[in-house]
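**Student:** Predicted structure and sequence below. I'll ask about it afterward.
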Amino acid sequence: MQLIDTHTHLDFPDFDADRAELLARSRAAGVAKLVVLGVYQANWQRLWDLVQQEDGLYAAFGLHPVYLEQHQPEHLAELRDWLQRLASHPRLCAVGEFGLDYFLEQLDRQRQQELFEAQLMLANEVELPVLLHVRRAHAATIATLKRLRPRRGGIIHAFAGSVEEAREYLKLGFKLGLGGAPTWPQALRLRKVVAQLPLEAIVLETDAPDMAPAMHPNQRNSPEYLADICRVLAELRGISPEELATASSHNAAELFGWPTP
C-alpha cells in the first residue's frame with residue numbers, strides 16, 4: 001500500500017527524541033508523503049526547517065483557533081508574507097491548520113470568525129487548498145465557505161459530521177479527513193457515516209501525535225499507524241485496504257496538485 005498522511009504535527013516536541021526513526025518506520029509501512037501543519041506563528045520556521053530536511057514532507061501554515069490567545073494582529077501579515085514568499089515552492093502544499101472551534105466555549109467566536117475569513121481570503125490570493133479544523137461548527141463553517149468559496153477546495157480535518165454535512169462540503173470541493181476516531185468501536189454514529197461516504201471524498205490522516213486509533217490506545221499517535229487506520233476503515237466500508245489506500249492517496253494528490261500515485 002502507498003499512503004499519504006494528510007494531517008500531522010510532526011514538528012511538535014513529542015517527536016524530538018525519535019523523529020528520524022519514526023519516519024523510517026512510517027515509510028516502511030507505506031506512508032510515502034506526510035503533510036505537516038503549522039498552528040501558530042512561533043512554529044512556522046521550525047516546521048519549514050523540518051520539511052526541507054526530510055524527503056516526502058510537505059508544509060502548511062496557519063493560525064489555529066485553539067491558540068487564539070497567542071495570535072497577534074501582525075501574525076496574519078506574517079502569514080501572508082510566508083505564503084507569498086513560498087508560493088511556488090514544491091514543499092508548500094496548503095494553508096492550515098485553521099478554522100472554527102465551538103467546543104471550547106472560552107474561545108471568542110467573533111475573533112475566530114474574523115481569523116477564519118482572513119485566512120480563507122489569503123488562500124484564495126495564493127491559490128492554495130485549505131486544511132480546516134471544524135469542531136461543533138459545521139453550520140457556521142459551511143455558511144462561510146459558501147460565501148468565500150476557496151478556489152482550490154481543501155480538507156475538513158477529522159470529519160465527524162453527518163452525511164448531509166458531508167454532501168455540503170463535497171459540493172464546495174472539499175475532501176473529508178478520516179483518522180483514528182472512527183476506528184473506535186464506540187463511535188457508532190461516525191462509523192455509520194464513514195461507511196456511506198463516497199470513496200472520492202476520503203483522504204486519510206493521523207493527526208499525530210493526537211487522536212490515536214483504537215489499536216494503539218493511550219499512546220502517542222504516529223504516521224506509522226496510518227496503515228492500521230486504513231485497514232479498519234476499509235473493513236467498515238466492505239472494501240480492501242489496498243482499494244482505500246489507492247483512492248485516498250489519489251484524492252490527496254489531486255487536491256494538492258501532486259502526481260497521482
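**Tutor:** Perfect, I can see it now. Numbers count the residues shown, from 1 in each chain.
**Student:** Now the longest helix along the chain: buried residues?
**Tutor:** Longest helix of the chain, by residue count under DSSP state H: helix 109-126. Buried residues in helix 109-126, counted by 16 or more other C-beta atoms under 10 Å: 112, 115-116, 119-120, 122-124, 126. (Each C-beta comes from the backbone N, C-alpha and C, glycine too.)
**Student:** And that helix, how far out from the chain middle?
**Tutor:** Chain-centre distance of helix 109-126: 17 Å, with C-alpha atoms, centre = their mean, to the nearest Å.
**Student:** Contacts for it, please.
**Tutor:** 62-63, 65, 68, 71, 76, 79-80, 83-84, 87, 94-95, 98-102, 129-130, 140-141, 144-145, 148-152, 154 (C-beta atoms under 8 Å, 6 or more residues apart in numbering).
**Student:** continuing past that helix, what's the next helix or strand?
**Tutor:** strand 130-135 (DSSP states H and E).
**Student:** Summarise which helices and strands that following strand is packed against.
**Tutor:** Judged by 3 or more C-beta pairs under 8 Å, 6 or more residues apart in numbering; DSSP states H and E, the packing partners of strand 130-135 are strand 92-101, helix 109-126, strand 154-157.
**Student:** partners of that strand in the sheet?
**Tutor:** Taking DSSP bridges as the criterion, strand 130-135 forms sheet pairs with strand 92-101 (parallel), strand 154-157 (parallel).
**Student:** among the ones you listed, which is the most enclosed?
**Tutor:** Among the strands paired with strand 130-135, ranked by average contacts under mean count of other C-beta atoms under 10 Å, first place goes to strand 154-157 (a mean of 27).
**Student:** Test my guess that Trp82 contacts Gln45.
**Tutor:** No. Using C-beta atoms under 8 Å, Trp82 makes no contact with Gln45, being 9.2 Å away.
**Student:** between these two, which one's more packed in?
**Tutor:** Neighbour tally, Trp82 and Gln45, criterion other C-beta atoms under 10 Å: the higher count belongs to Trp82, 21 against 12.
**Student:** Which of the helices or strands spans that one?
**Tutor:** Applying DSSP H and E, one finds Trp82 within helix 73-85.
**Student:** what's the angle from that helix to helix 109-126?
**Tutor:** Interaxial angle, helix 73-85 versus helix 109-126 (axes from the mean of the first three to the mean of the last three C-alpha atoms, to 10 degrees): 20 degrees.
**Student:** So which elements touch helix 73-85?
**Tutor:** Using 3+ C-beta pairs under 8 Å, 6+ apart, the elements in contact with helix 73-85 are strand 57-61, strand 92-101, helix 109-126.
**Student:** Give me the residues contacting that helix.
**Tutor:** Helix 73-85 is touched from outside by 40-41, 44, 61-63, 92, 95, 115, 118-119, 122, 125-126, 128, with contacts defined as C-beta under 8 Å, 6+ apart.
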